[in-house]
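1. Return a 3D structure for these sequence lines:
(one chain, ligands or ions: 1)
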Amino acid sequence: MNEREHRVPEPRRRFEEPGTSAEDDVLLVADGLVMDFPGTRAVDGVSLSVRRGTTFGLVGESGCGKSTLTSLLLGLLRPTAGTVRFRGTELTGLGGRELRRLRAHMQVVLQDPVGSLNRRKTVGQIIGLPLAVHGAGDATARRARVAELLELVGLPTSYASRRPAELSGGQCQRVSIARAIALHPDLVVLDEAVSAIDVATQAQILNLLRSLQTELGLTYLFVSHDLAVVRYMAPEIAVMHRGRIVEQAPREDLFASPREEYTRTLIEAIPRVPSREATP
Ligand SMILES: Nc1ncnc2c1ncn2[C@@H]1O[C@H](COP(=O)(O)OP(=O)(O)OP(=O)(O)O)[C@@H](O)[C@H]1O
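-> Presented below is the predicted three-dimensional model:
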């Protein structure tokens, strides 16, 4: 590997320089995405765009095609039709090495907080792995970065020597988040990231994600079946049903005047208990 391949992605620009166009503002664009599996069209003509520094919410029931769409957007699946552009580069057609390099700028936090961490490794090794893979400094510099990341996600630095089994679900999810932001990604895909966590801890993790976004200028694609959680996180929400985006609107408009019957059903399904999380 040459030196360029070891390069750690630069931290993203926190603010757009004057004169940058609206196009520069768009980080991720999907156009006419289709994904067929034998006997099923899992994604059926999805187009969307995600602006830098914002949270784009994607909501839909289990089986509607969210995970397939997420895999397409991350370049993990090749679409049957359609394109994905990330940072201005079209993913389809990229070679393995180019795709891996681009993917360092897009990270994922998955649903299962404990299962998505290697139980045999320490927290320090888990968070340090992307740094080691991308040659981010020597061992001492990487240890310092791990400590910094632990602090960023609200865990004591001493947790670097613990293993996932010694942590709660919420703490494991903080470790997953620290690992995801280690390389200063532009985009973090949060795929049902709080769905397996108890409600009280969910609120803490959501608030952590929001403050990290402000601090680090991150862009989130927030995917969940839970519209209340998506409402808390995302100013722009797309509703997915049977492989299609049936409605997309700013959060306030979606709740005030949903156009689709399906969206109304999702809104009506939100429990009517007064909840702090439901107020942005
Ligand atoms: N590898 C595959 N082979 C065949 N069918 C698949 C495959 N992956 C997904 N599907 C089908 O595509 C449809 C969408 O699945 P997908 O997992 O994307 O939905 P989802 O909204 O993410 O649901 P969940 O939250 O339950 O994962 C489903 O009908 C599923 O059975």
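2. Val188 sits in which helix or strand?
-> strand 187-191 (DSSP states H and E).
3. which other residues reach the helix or strand that comes right after that strand?
-> Following strand 187-191 in sequence order, the next helix or strand is helix 199-216 (DSSP H and E). The contact list for helix 199-216 (CB atoms under 8 Å, 6 or more residues apart in numbering) reads 11, 53, 55, 152-154, 168-170, 173-174, 177, 181, 184, 190, 193-194, 197, 218, 220, 229, 232-233, 276-277. Heads up, the C-betas are built off the backbone N, CA and C, glycines and all.
4. next one: stretch 255-273
-> Val59, Leu227, Ala228, Arg231, Val239, His241, Val246, Glu247, Ala249, Leu254, Ala278.
5. shaky segments in the stretch 1-150 of the chain?
-> Residue ranges of the stretch 1-150 of the chain with pLDDT under 70: 1-24.
6. try 50
-> 1-20 (pLDDT under 50).
7. what ranges do the helices span in it?
-> 3-6, 66-73, 96-103, 123-133, 139-152 (DSSP state H, counting those that start in this stretch).
8. Which neighbouring elements make contact with the fourth one?
-> Same thing as helix 123-133. Under the contact criterion of 3 or more CB pairs under 8 Å, 6 or more residues apart in numbering; DSSP states H and E, helix 123-133 touches helix 139-152, helix 169-181.
9. that older thread, emit the PyMOL select command for whichever of the contacts of stretch 255-273 are buried.
-> Buried members of the contacts of stretch 255-273, defined by 16 or more other CB atoms under 10 Å, are picked up in PyMOL with:
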select buried, resi 59+227+228+231+239+241+246+247+249+254
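10. Single out the most deeply packed of the helices of the stretch 1-150 of the chain.
-> When these are scored by mean count of other CB atoms under 10 Å, the highest mean neighbour count falls to helix 66-73 (a mean of 23).
11. so where's the stretch 151-280 of the chain shaky on pLDDT?
-> 278, 280.
12. What strands line up against the strand holding Val188, and which way round?
-> Looking at strand 187-191 with DSSP bridges, its partner strands are strand 106-109 (parallel), strand 219-224 (parallel).
13. For it, buried residues please.
-> Leu187, Val188, Val189, Leu190, Asp191.
14. Quick check: nearest residue in space to Leu149, chain neighbours excluded?
-> Ala178 (4.1 Å; CB to CB, 6 or more residues apart in numbering).
15. just the buried members of the contacts of helix 199-216?
-> Among the contacts of helix 199-216, those classed as buried by 16+ other CB under 10 Å are 53, 55, 152-154, 169-170, 173-174, 177, 181, 184, 190, 193-194, 197, 218, 220, 229, 232-233, 277.
16. any idea how far Asp31 lies from Asp191?
-> Noted for Asp31: a distance of 21 Å to Asp191, by CB to CB, to the nearest Å.
17. Please read the previous query as pertaining to Ile197.
-> 14 Å.
18. so who does the residue lying closest to Val109 once chain neighbours are set aside touch?
-> Spatial nearest neighbour of Val109, chain neighbours left out: Ala193 (4.5 Å); criterion: CB to CB, 6+ apart. Contact partners of Ala193, counting by CB under 8 Å, 6+ apart, are Val109, Leu110, Gln111, Gln173, Ser176, Ile205, Leu209, Phe222, Ser224.
19. do the same with Ile237
-> Here Ile237 is in contact with Gly57, Leu58, Val59, Leu227, Val230, Arg231, Gln248, Ala249, Pro250, Arg251, Leu254 (criterion: CB under 8 Å, 6+ apart).
20. So Arg264 lies in a helix, does it not?
-> Yes - secondary structure of Arg264 (DSSP: H, G, I helix; E, B strand; the rest coil): part of a helix.
21. quick one: which of the helices of the stretch 1-150 of the chain is nearest the ligand?
-> helix 66-73 (3.1 Å; CB to the nearest ligand atom).
22. I am finished for the moment; much appreciated.
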